[in-house]
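Visitor: Coordinates for the following, if possible.
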Amino acid sequence: GQGFYDLAIAVSPTDANYQNLTISGADVNQDQKDLKVNEKTTVTTTGKLTLPETGDNVESYVLTAKKGLFVTGSGTALFKSGAQLMQNALITNTGNITMERKANVPSKQYNYWSSPVKNQVLYDLYPYVPWNRVMVYNTATDFFTILPKAGNPTSEFGKGYSIKGPTSGGDAITASFVGVPNNESATAVSNEIPLAISGNRYNLIGNPFPSNLDITKVYSGNTPQFESTENTVYFWDNESNTDLVQMGSGYTSQNNYATMNAATGMGTPATRSTPGEKVPIANIKPGQGFIMKASATASKLVLANTMRTSLLGGTGVYYKGANDLDKFWLQLTTPENMRIVIAAGYYQNAENTFEPYDSPIFDEGVTENFYSLSTDNKKLNIQARKGPFDISDMIPLTAKIHINGNAKISLYQKEGVFDNGQAIYLHDKLNGTYINLNEGSYNFAAIAGNIENRFEIVYKPESVLATGENIKDDLIVYRNGEDFIVQSGR
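Guide: Got it, this is the predicted structure:
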């Protein structure tokens, strides 16, 4: 439409597209998922605009205020959890919005945050933030530094903060970011996230925009700033571990981070002992903080609106995105019931040797581990194989088990050709069997230590389940429901 609209009812034009839009009504809800305003969007002092909440796997409500969002006086622009704001580059917003993000933050745990608005008062992010429990990452030591509450700290563009769960009210919180929404600025330095290169060069940063951020585009525009042998981003999982002290990269008991390769957008969840994993992919939601490793010569990341997206993307929880690779995820369940997930996919620009499209395991010192090997024997949590998919390919696997007992390898998730009929076989070279993981998991008796040179993934078996001539006669393989069991026949 043309002209100015004075609305006190739900915004629902046929084409959801305005030239200018003025909100003066006290209870205006956007009921179109994608509302575009070509010029100015204004909320007057009597106005209240609300973009409704959506779940993390549901298409967001998006306001595209191309030439600026102007909130005057006591006017309100409320973006409920999941809603997004998109804009043209180089325009300036005025007045505060409120952008909410729902999350679960146990009282003894922490969560990584980054503000989509300017100068967010960090101790006001949600009710009952504990005294002196807002922290920033110390790159030189790989530990965290407290920002005292007495200093009333506020957010900086793209900086990440570790904030402890509330002292009261339960684990389910609604974080409220209140301030002028961030957007690509005409002032170049305002679009920069400084990177430290002391110590191990890990930096806690985050999505600074009130929309999703495509990390693959951030990587593409800032490749020299990422460590070439570890261009991985790490998301702290505050629900699946028992570590209550923030230790940066210093954990040795298990991998407490979900990981994502910044070049491909493939991700894996943190190790955990119960279901409910969160798998990060390329599109990172507003408010999300994460750790990345800077290169030895890095100085800053430069962000732009071209790296923003309102697209829903693939599956996942708080952080997620999309990618169209042929890929799959495998899960090892150890005798101690630790669940470790790794990923592999076929990428047009990849090679089978270690390269930036791969992400190595986070720590070799953990007591339980699972990884694939590149052709030059790099231990990988996420592996990009040379694309397109080749049915004759083979991927070696290694597991690390802490105690003797029953273990299981299963297919965790699949996409592309693997979701359209292509079988994924686990070859157990100890007994010569080929297990189609699309048909069930594989249970086996594990001996503590590294299980090397036993398992590999193939796509066309040389022998079928339990019929190969080279099966050892002292082993029995049988099916129990959806699982395959291997045990000694003696």
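Visitor: so where's the stretch 301-450 of the chain shaky on pLDDT?
Guide: For the stretch 301-450 of the chain, the stretches flagged by pLDDT under 70 are 312-324.
Visitor: again, 90 this time
Guide: Judged by pLDDT under 90, the stretch 301-450 of the chain has its weakly predicted residues at 311-325, 362-366.
Visitor: Next one: the most centrally placed residue in the chain from Pro166, what distance?
Guide: Most central in the chain under Cα atoms, centre = their mean is Pro280, positioned 2.5 Å from the mean C-alpha point. From Pro280 across to Pro166, the span is 24 Å (Cβ to Cβ, to the nearest Å). The way it works is simple: take the backbone N, C-alpha and C, and place the C-beta from them, glycine included.
Visitor: Show the contacting residues for the closest residue to the residue nearest to the centre of the chain other than its chain neighbours.
Guide: In space, and not counting its chain neighbours, Pro280 is closest to Gly267: 3.9 Å by Cβ to Cβ, 6 or more residues apart in numbering. Gly267 sits next to 258-261, 279-281, 316, 343, 382 when contact means Cβ atoms under 8 Å, 6 or more residues apart in numbering.
Visitor: swap the cut-off to 7 Å and go again
Guide: Residues near Gly267 by Cβ atoms under 7 Å, 6 or more residues apart in numbering: 258-260, 279-281.
Visitor: show me where this structure has helices.
Guide: Applying DSSP state H to the chain gives helices spanning 215-221.
Visitor: buried set for stretch 31-48?
Guide: Within stretch 31-48, the residues that qualify as buried are 32-38, 40-44, 47-48, counting by 16 or more other Cβ atoms under 10 Å.
Visitor: Farthest-apart pair in those, please.
Guide: Lys33 and Thr44 (24.5 Å; Cβ to Cβ).
Visitor: need the buried residues of stretch 31-48 in TSV with distance to Lys80 and pLDDT, can you?
Guide: Below are these laid out as TSV (distance: Cβ to Cβ, whole Å; pLDDT from 0 to 100):
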residue	distance to Lys80	pLDDT
Gln32	15	82
Lys33	13	91
Asp34	16	92
Leu35	14	95
Lys36	19	96
Val37	19	97
Asn38	24	96
Lys40	23	96
Thr41	17	97
Thr42	20	98
Val43	15	98
Thr44	21	97
Gly47	17	97
Lys48	12	97
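Visitor: In CSV: the residues you listed, plus distance to Gly221.
Guide: Formatted as CSV, the buried residues of stretch 31-48 follow (distance: Cβ to Cβ, whole Å):
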residue, distance to Gly221
Gln32, 31
Lys33, 28
Asp34, 26
Leu35, 28
Lys36, 25
Val37, 27
Asn38, 27
Lys40, 29
Thr41, 28
Thr42, 32
Val43, 32
Thr44, 38
Gly47, 37
Lys48, 37
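Visitor: and which of the residues you listed is nearest to Arg339?
Guide: For the buried residues of stretch 31-48, the minimum distance to Arg339 (Cβ to Cβ) is 35.0 Å, reached by Lys33.
Visitor: got the contact list for the closest one?
Guide: Listed by Cβ under 7 Å, 6+ apart, the contact partners of Lys33 are 59, 61-62.
Visitor: let's go with 6 Å and repeat that
Guide: 59, 61 (Cβ atoms under 6 Å, 6 or more residues apart in numbering).
Visitor: quick one: Thr229 from Phe79, how far?
Guide: 38 Å.
Visitor: Could you do Asn349 as well?
Guide: Distance of Asn349 to Phe79, given as Cβ to Cβ: 36 Å.
Visitor: Then Ala448?
Guide: In this view, Ala448 and Phe79 are 51 Å apart by Cβ to Cβ.
Visitor: Show me the strands in the stretch 201-350 of the chain, by range?
Guide: With DSSP state E, counting those that start in this stretch, the ranges of strands along the stretch 201-350 of the chain come out as 202-206, 212-214, 232-236, 257-261, 267-268, 283-284, 289-293, 300-302, 308-309, 326-333, 339-347.
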